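Asks: Okay, structure incoming, though there's no sequence with it:
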């Protein structure tokens, strides 16, 4: 997919509020007359739309962080797809609050080997930062933190940025995960960030312990985590890990030992919720397998 292809921003500058908009009685739809509506552009075809937040959820240890790092590598390398889907070609950045730099390094080396790409290809295109052990919440006391504002300024300096991965919600969000209004406000703020920078955001979160198999209960906390995201991916680990498939050295922390990239074929990430125009029309959530998703609208 073309590196220059990006969706037109729909939102407004960060410092703007409703007072900067035309009054509702002047917001006549005639302004759209004679104009073709812009199509939704996907950072990852059919799965991760630009200008919006995609939630990636699974149980702990299933490989969410590995999947995020692979997604960034696929976008930055321009030579790989992601879960069999085409990616835009551009730059990618990742905020990793759970893993130290040494783990990101080890994982990246294995991803490079598996995908057949080198650091010469990724240099100046893939930017991964560990914030392990640091207080780097994006949201606290019901509002964005100074770190979120600083992060946006830093991301804006990356030319042709197309994907931002955020790992994970438990460490980056310091609000009440069960509060529908607060979760909605946080995700609206992230959606605004994605829209202003014209990027896809892939945010990881832990699965709900009370998952009842429905789309709205795939992640811990309020159902707003699903309702406020345009796309939600659920990572399902295989029923049983093969002991002979664990090709990982002892220097890697235990929780990562089963996540060699060559074994990701044994896992499936399926989109369980896509809030597109059809769902908006019915005002209902629906479950969908990855193969059921639209591929470019």
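Replies: Thanks, I have the structure now. As the structure is a prediction and not an experimental result, all values here were calculated from the model.
Asks: Over to the closest residue in space to residue 52 that isn't next to it in sequence: give its phi and psi.
Replies: Of all residues not flanking residue 52 in the chain, residue 230 sits nearest, at 3.9 Å (CB to CB, 6 or more residues apart in numbering). Backbone N, C-alpha and C define where each C-beta goes, glycine included. Here is the backbone geometry of residue 230 (degrees, to the nearest 10): phi -70, psi -30.
Asks: With residue 67 instead?
Replies: phi -60, psi -40.
Asks: Tell me which stretches of the protein form strands.
Replies: 42-44, 48-49, 52-58, 91-96, 126-130, 139-140, 143-144, 161-167, 200-206, 231-236, 268-274 (DSSP state E).
Asks: Nearest to residue 106, out of those strands?
Replies: strand 126-130 (11.8 Å; CB to CB).
Asks: Check which strands are paired with that closest one and give the direction for each one.
Replies: Strand partners for strand 126-130, identified by DSSP bridges, are recorded as strand 91-96 (parallel).
Asks: before we move on, back to that, ok, the residue nearest to residue 52 to residue 61 distance?
Replies: 27 Å (CB to CB, to the nearest Å).
Asks: more neighbours, the two?
Replies: residue 230 (23 against 14; other CB atoms under 10 Å).
Asks: Quick check: residue 81 vs residue 99, distance?
Replies: From residue 81 over to residue 99 (counting by CB to CB), the distance is 24 Å.
Asks: between the two, which one's more packed in?
Replies: A side-by-side neighbour count of residue 81 and residue 99, using other CB under 10 Å, places residue 99 first with 23 against 13.
Asks: My guess is the more buried one contacts residue 131. True?
Replies: No: Residue 99 lies out of contact with residue 131 (CB atoms under 8 Å); the separation is 9.5 Å.
Asks: Low-confidence stretches in the stretch 1-150 of the chain?
Replies: 1-17 (pLDDT under 70).
Asks: Ignore what I typed, I meant the stretch 151-297 of the chain.
Replies: Ranges of the stretch 151-297 of the chain meeting pLDDT under 70: 208-218, 237-297.
Asks: Show me where it has its helices.
Replies: Ranges of helices in the stretch 151-297 of the chain, per DSSP state H, counting those that start in this stretch, are 169-172, 180-197, 224-227, 277-282.
Asks: do the same with the stretch 1-150 of the chain
Replies: Counting by DSSP H, counting those that start in this stretch, the helices of the stretch 1-150 of the chain are 64-77, 101-115, 119-122, 146-156.
Asks: Could you pull out the buried residues of the longest one?
Replies: When you say that, I think you mean helix 101-115. 103, 104, 106, 107, 108, 110, 111, 112, 114, 115 (16 or more other CB atoms under 10 Å).
Asks: how about these in TSV, adding distance to residue 192?
Replies: Putting the buried residues of helix 101-115 into TSV (distance: CB to CB, whole Å) gives the following:
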residue	distance to residue 192
103	31
104	27
106	34
107	30
108	30
110	35
111	30
112	33
114	35
115	32
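Asks: nearest to residue 39, of those residues?
Replies: Residue 39 lies nearest to residue 115 out of the buried residues of helix 101-115, by CB to CB, at 28.5 Å.
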